[in-house]
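Engineer: Show me how the following folds:
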Amino acid sequence: MGFATSVALGLAGLFAIAWLMRAGARAMFAGSARAIAHDMPLTAAFGILVIGVYAAVAIAAPALAPFPEREIVGGQFQAWSAAHPLGTDRIGRDMLSRLIYGARNTVGIAFATTALAFVVGAVLGLWAALVGGWLDQGLSRFVDALMAIPALIFSLLLLTIFGTSVITLILVIAAVDATRVFRLARAVAQGIVVMDYIEAAKLRGEGSWFLIRREILPNAMAPLVAEFGLRFCFVFLSISSLSFLGLGIQPPTADWGSMVKDNATLITFGDVTPLLPAGCIALLTVAVNFVVDWQLHRASGLKEQ
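Structural biologist: Numbers count the residues shown, from 1 in each chain. Okay, here's the model as predicted:
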C-alpha cells in the first residue's frame, strides 16, 4: 500500500469516526447540548476529533512512544521496518517516537503562547477601549508601531538578541501576537462601552476591572474565542517556522518544524518521512479552522439552508 493511499484511508477513517461521533451526540444528549450536536457540521466534528486525538497523544506521549524522545536506537536514516515503523533520523533516533513527543512539545508550547498572548492583549485592549483618552491613544500607537514590523523578522531579531530558550520563545511570540489580539479586543469593546448597561454600571460606582470582567468580556467572548482558534494556528505555524530556521525549539527536544529541516535530505531519495511532521502541522491547522468556522457560524445566528 502506497503512502498516498494510506493517508487517504486514514483521513477517510477519521471522517467516518467524526460522523459516528456526531450521530452519537445527537442520540445521547438532550436540550441545548442536543441542539448543538444537531447543528454541528461534519467538518466541525472532524476538527474536534482531530484536536482530541492530538491532545490525547500529547498527554500520553511517554506511554505511546516505543522509544525515549532523545535516545539513539539505530543507524542513520534507517528505512521503515517493524522495529522502527517510520525509520530513524539523521543521528539514529526513532522517528515515530519523536513524532509523538513532537505533539506534546509543539502543540503544548503553541497553546501556552496563545493563552499568554490572549491574556495580555485582551485585557489591554478592553481596558484601552473602556478608559479611552491618552491611555487608548498611547497603547494604540505603540501597537501600531510593533505591527508595522513583519512578525517573523521581529521574532527572529528578538530571539537572536535574547536567546532561544523555551521561555524566551514563548514570551517573544506572545508579545508579537498580543498586538493582534489587542486590536481585535479594542475594536469589539468600543462597540460595547457605549451601551446603556455600561453607563448604568458606571453610575453604580463599579470599577474598571468589574466592568471588564462582568460587563464587557461576556459580550465580547464570541469573536475572542474564534480569534483564539485562529491565533493558535498562527502561533503554531510561527513556532514550526522558527524551529525550521533553527531559532525555535532547540534540539534534542522533538519538534515538528526542526524534524522537517533535519530530515529534508531524504526527500531527494524519494523518502516521504520528512513530510509526516509537515502533515501533522497541516492537519491540526485545518482541524482548528474547521472548529473556528463552526463557532463563528453559531455566533452569527445564521442557520443552514
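
Engineer: C-alpha from now on. contacts and neighbour counts both.
Structural biologist: Noted.

Engineer: Distance-wise, check residue 41 relative to residue 52.
Structural biologist: 17 Å (Cα to Cα, to the nearest Å).

Engineer: and if you look at residue 179?
Structural biologist: 29 Å.

Engineer: So for these two, which sits in the more crowded spot?
Structural biologist: Ranked by neighbour count (other Cα atoms under 10 Å), residue 179 and residue 52 place residue 179 first, with 26 against 12.

Engineer: residues in contact with the more buried one?
Structural biologist: Neighbouring residues of residue 179 by Cα atoms under 8 Å, 6 or more residues apart in numbering: 121, 143, 146-147.

Engineer: swap in residue 277?
Structural biologist: Per Cα under 8 Å, 6+ apart, neighbours of residue 277: 99, 256-257, 259-260.

Engineer: Of those - the most surrounded one?
Structural biologist: residue 256 (32 neighbours).

Engineer: for the nearest residue to residue 101 once chain neighbours are set aside, phi and psi?
Structural biologist: Leaving aside its sequence neighbours, residue 101 sits nearest to residue 61 (Cα to Cα, 6 or more residues apart in numbering; 5.7 Å). In terms of degrees, to the nearest 10, the main-chain angles of residue 61 are phi -50, psi -50.

Engineer: Quickly note the distance from residue 61 to residue 53.
Structural biologist: 12 Å.

Engineer: Tell me which of these two has more neighbours.
Structural biologist: Neighbour count, other Cα under 10 Å: between residue 61 and residue 53, residue 61 has more, with 21 against 13.

Engineer: Now do the same contact list for the more buried one.
Structural biologist: When contacts are taken as Cα under 8 Å, 6+ apart, residue 61 is in contact with 100-101, 104.

Engineer: Make TSV from those residues and add distance to residue 116 to it.
Structural biologist: Below are those laid out as TSV (distance: Cα to Cα, whole Å):
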residue	distance to residue 116
100	25
101	23
104	18
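
Engineer: out of those, which is most surrounded?
Structural biologist: Of all the contacts of residue 61, residue 101 has the most neighbours under the rule other Cα under 10 Å, reaching 27 neighbours.
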